[in-house]
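Colleague: I need the structure of the sequence given here:
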Amino acid sequence: MKMSDIYMYILVMAVVTYLVRVLPLTVFKKEITNKYVTSFLYYVPYACLAAMTFPAIVTATETPISGIAALIAAFVSSFKGRSLLESALWACAAVFVVERVIAFI
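Modeller: Numbering: from 1, shown residues only. Just a heads-up that it's a prediction; the model follows:
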């Protein structure tokens, strides 16, 4: 692969990224007042974050079982109103315990 090809790929990706960010600003000049569209757009960042992090949570540990246990522990902790730090600590503790149990078996 030539060096000019790499620069061309970088340039194309920069243009595409720029267009994706600028196009909505130029197309939608007025504020969106439709309640269905605004409610959909409100939840898009959360859905994207969940879609990006869920596979990483399950595969970041030695076994998917401990990743799922951490996910459950963090979900229960956050559902009970605990802070982000407490939820993360409960998830870490769940991974530690499940990994030790699996290693013992």
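Colleague: mind giving me the packing neighbours of the lowest-mean-pLDDT helix or strand in the chain?
Modeller: Within the chain, no helix or strand scores below helix 35-59, which has a mean of 85 by mean pLDDT, DSSP states H and E. With contacts taken as 3 or more CB pairs under 8 Å, 6 or more residues apart in numbering; DSSP states H and E, helix 35-59 sits against helix 64-79. Using the backbone N, CA and C atoms, a C-beta is placed for each residue, glycine as well.
Colleague: quick check: angle from the helix it packs on to helix 35-59?
Modeller: 140 degrees (axes from the mean of the first three to the mean of the last three CA atoms, to 10 degrees).
Colleague: got the CA coordinates for helix 64-79 in CSV?
Modeller: Provided in CSV are the C-alpha atoms of helix 64-79 (Å, rounded to 0.1, in the frame of the first residue of the first chain):
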residue,chain,number,x,y,z
PRO,A,64,-18.7,-14.2,29.6
ILE,A,65,-20.4,-15.5,32.7
SER,A,66,-18.4,-13.2,34.9
GLY,A,67,-19.1,-10.3,32.6
ILE,A,68,-22.8,-11.0,32.7
ALA,A,69,-22.6,-11.2,36.6
ALA,A,70,-20.9,-7.8,36.6
LEU,A,71,-23.6,-6.4,34.4
ILE,A,72,-26.3,-7.7,36.6
ALA,A,73,-24.6,-6.4,39.8
ALA,A,74,-24.1,-3.0,38.3
PHE,A,75,-27.7,-2.9,37.0
VAL,A,76,-29.1,-3.8,40.4
SER,A,77,-26.9,-1.4,42.2
SER,A,78,-27.8,1.5,40.0
PHE,A,79,-31.5,0.6,40.1
